[in-house]
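Novice: this is a predicted model, with the sequence first.
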Amino acid sequence: MTVPNTAPEVAGLAPELAGAKEGQGEKPVLSAGERFTSYDVEAFEVPRGREENWRFTPLKRLKGLHDGSAALDGRAPVTVPAAEGVTVETVGRDDARIGEGGVPADRVAAQAWSAFAEATVVTFDGTPEPLTITVDGPGAGSTAAGHLQLRTTPFAEATVVLEHRGSGVLADNLEVVLADSSRLTLVVTEEWADDAVHVSAQHLSIGRDATLRVVSVSLGGDLVRVSPTVTYRAPGGDVDLVGLGYADAGQHLEQRLLVDHAVPHCKSNVLYKNALQGRAGTTDAHTVWIGDVLIQAEAESTETFEFNRNLVLTEHARADSVPNLEIETGEIVSAGHASATGRFDDEQLFYLQSRGIPEDQARRLVVRAFFGEILQRIPTHGAGALPALRERLDAAIEAELAVTGV
Amino acid sequence: MSTLEIKDLHASVSTDDGPKPILRGVDLTVKAGETHAIMGPNGSGKSTLAYAIAGHPKYEITSGQVLLDGEDVLEMTVDERARAGLFLAMQYPVEVPGVSMANFLRSAATAIRGEAPKLRTWVKEVKGAMADLEISEEFADRSVNEGFSGGEKKRHEVLQLALLNPKIAILDETDSGLDVDALRVVSEGVNRYRSPENGVLLITHYTRILQHITPDFVHVFAGGRVVESGGPELADDLEKNGYERFVKVAS
């Protein structure tokens, strides 16, 4: 088992980045401003695995998404139920709105952008009821490119669940374009079958005084790599990105976040928690969390915090965690980041067991408590409540726990 | 009538330099209805005795026996020991973030009693026990021991003692870090638990808790074993003369 950050509550740079500031360490990220972006797949070199943004990803398991060998001739249908206040359109790449959310920053995202046949644009107006959108994989052995854009009108308030399920390989771009003073709660679930590969770039573009709340839940799939990039178009934006991942034996779950504070008076808060349980004789259960926050010189009065916690339940598991904060102005409200990776706490286990609670049940109590902080962000009452989803995810995590008899 | 028998118990703690022997032949029997105080200087192995009986993985039993009503405790897992009727009130109760006190207490009571307590009577029972210990109701929603003061943690240990009603309770320095009022509240809680059916093993460094909880027997612990046993008057002797003569004997 490899646990790079075993020290509890490591604040500041991850150990592997020590010295980065002096230019000695591996350069953690290009600044968002310097980051290369393009809609054209050929503008990107084929990654070899050494590149900063690919070094944790097992390229062999990408099914050719990164080197042009994937056929991308499958279809990953997007299903959006009809609802009041919700407009669903299928558009071509020439639609002027496509690309408003952002531009691909890696080769797979650009590949998906270059290859998608049609895009689904869903617009939320007023205060629609919570809506569930499903994306089905193209099926075992098939590869597909997808494109989905979610947009709000000014002052809209919406709650959306975006479910990914099924088999096959999907590379896609998700654009979220929030109009001024709108509010979106978005729950993204990755509940794929065991064979699935999903590489997803999320372009989250926040208008003036707009609020975005994202809860990401990664449970299934062989390899799931999600890269959310937050950009603020005007002051007053407020973004919460929280997520949980549960990596079983052989599973690779990767979360790569960039929050780009380029305008003043915006907030961001990031909290990701992963649990890992591996098994002897298989590839390690692997989670990767990269949290880049950039506060540009113009972004005065920024408030930002990011935190990653990983709970290593068994041997044969590896958690990589790289928080990175770049600050170009001192005129901010607050900025912080932290990362902590730990094994299951034997003292907690002893305490619970010493009260008669059997070991398996004690472990479940602790893991459920660990994830509780994330799941409770899914509202269960009031407008936008998703009680059934919350219940289903609770049950799904129970089932994950049961798999290895944790 | 329950009996806890500790027979020639030897135990080591695992350290970076290998196992280090701590307990060197402890003999002690606690019967229902009795309260035994174990007193001894710091580092004499009192807490190790408590944790070894409870089954903490850090301690290895190298020889000897622990029997509860004739059953071999050392063969049991930690949770089996608790369900068999042993309880350890810890000196440093562990924080379990995210697990509410209410959930924890109910899970523990369900495990110990073998069935989930009826909700209505349970709520009443918990509220009553909390009121007895002057614990405010909001603690039910807080994470187990998280952010509790030292005194609050000890009250919650005694709260669990009240609700789980074990056959034998081992109290490890339950008095340490308590102010006068908290000591009274906690001692009253222990006294409410004491009955002809229950036995208490009270581990302490100081005699002051013995002014609230009168022991039937006092044992002096030094060098990893009981070096002298007597009645409550032995505590008075310790109060006057300290542990010095026992430390010398033990070393």
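Specialist: Cool, the structure landed. Numbers count the residues shown, from 1 in each chain, chains lettered A, B, ... in the order given.

Novice: what does chain A have sitting close to chain B?
Specialist: Residues of chain A lying close to chain B (CB under 8 Å from any CB of the partner chain) are A:346-348, A:350-359, A:361-362, A:365-366, A:368-370, A:372-373. For glycine as for every other residue, the C-beta is placed from the backbone atoms N, C-alpha and C.

Novice: quick one, which of those residues are buried?
Specialist: A:348, A:350-359, A:361-362, A:365-366, A:368-370, A:372 (16 or more other CB atoms under 10 Å in any protein chain shown).

Novice: how about the helix or strand that A:D394 is a member of: buried residues?
Specialist: A:D394 is located in helix A:387-403, with elements delineated by DSSP states H and E. Applying a neighbour-count criterion of 16+ other CB under 10 Å, the buried positions in helix A:387-403 are A:389-390, A:393, A:396-397, A:400-401.

Novice: so how far is A:R377 from the closest residue to chain B within the stretch 251-400 of chain A?
Specialist: For the stretch 251-400 of chain A and chain B, the shortest gap (CB to the nearest CB) falls at A:A369, measuring 2.7 Å. Distance, A:A369 to A:R377, using CB to CB, to the nearest Å: 15 Å.

Novice: with B:D72 instead?
Specialist: 48 Å.

Novice: give me the more crowded residue out of the two.
Specialist: A side-by-side neighbour count of B:D72 and A:R377, using other CB atoms under 10 Å in any protein chain shown, places A:R377 first with 17 against 10.

Novice: wait, doesn't that one sit right on A:D240?
Specialist: Yes - with contact defined as CB atoms under 8 Å, A:R377 counts as touching A:D240 (7.5 Å).

Novice: joint contacts of these two?
Specialist: A:R213 (CB atoms under 8 Å, 6 or more residues apart in numbering or on different chains).

Novice: residue numbers of chain B in contact with chain A?
Specialist: So chain B meets chain A at B:54-57, B:77-79, B:81-83, B:87-88, B:90, B:93-99, B:103-104, B:107-108, B:111-112, B:143-144, B:160, B:164 (CB under 8 Å from any CB).

Novice: go again with 7 Å.
Specialist: B:54, B:56-57, B:77-79, B:82-83, B:88, B:93-94, B:96-99, B:107-108, B:111-112, B:160, B:164 (CB under 7 Å from any CB of the partner chain).

Novice: for the stretch 301-406 of chain A, which segments are assigned as strands?
Specialist: A:303-312, A:317-327, A:334-343 (DSSP state E, counting those that start in this stretch).

Novice: right, and those strands - which one's nearest A:D125?
Specialist: strand A:303-312 (29.4 Å; CB to CB).

Novice: quick one: strands adjacent to the closest one?
Specialist: Applying DSSP bridges to the sheet, strand A:303-312 is found paired with strand A:267-276 (parallel), strand A:334-343 (parallel).

Novice: if we can go back for a sec, what sits closest to the residue of the stretch 251-400 of chain A closest to chain B if chain neighbours are left out?
Specialist: Leaving aside its chain neighbours, A:A369 sits nearest to B:G98 (2.7 Å; criterion: CB to CB, 6 or more residues apart in numbering or on different chains).

Novice: partners of the helix or strand harbouring that neighbour, with directions?
Specialist: Element membership of B:G98, judged by DSSP H and E, is strand B:96-100. Counting by DSSP bridges, the strands paired with strand B:96-100 are strand B:143-144 (antiparallel).

Novice: run through who's touching the helix or strand just after the strand it pairs with.
Specialist: Downstream of strand B:143-144, the first helix or strand assigned by DSSP H and E is helix B:150-164. By CB atoms under 7 Å, 6 or more residues apart in numbering or on different chains, the residues outside helix B:150-164 that reach it are A:355, B:87, B:89-90, B:93, B:105, B:108-109, B:112, B:125-126, B:129-130, B:133, B:135, B:145, B:148, B:169, B:174, B:177-179, B:182, B:185-186, B:189-190, B:192-193.

Novice: list every C-alpha atom in helix B:150-164, with coordinates, as CSV.
Specialist: Taking Å, rounded to 0.1, in the frame of the first residue of the first chain, the C-alpha atoms of helix B:150-164 are listed here in CSV:
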residue,chain,number,x,y,z
GLY,B,150,-12.3,16.3,29.4
GLY,B,151,-15.2,16.5,31.8
GLU,B,152,-17.8,16.1,29.1
LYS,B,153,-16.1,13.0,27.8
LYS,B,154,-16.0,11.4,31.3
ARG,B,155,-19.7,12.1,31.8
HIS,B,156,-20.4,10.4,28.6
GLU,B,157,-18.4,7.4,29.6
VAL,B,158,-20.5,7.1,32.8
LEU,B,159,-23.6,7.7,30.6
GLN,B,160,-22.7,4.6,28.6
LEU,B,161,-22.1,2.7,31.9
ALA,B,162,-25.6,3.6,33.0
LEU,B,163,-27.2,2.6,29.7
LEU,B,164,-25.2,-0.6,29.0
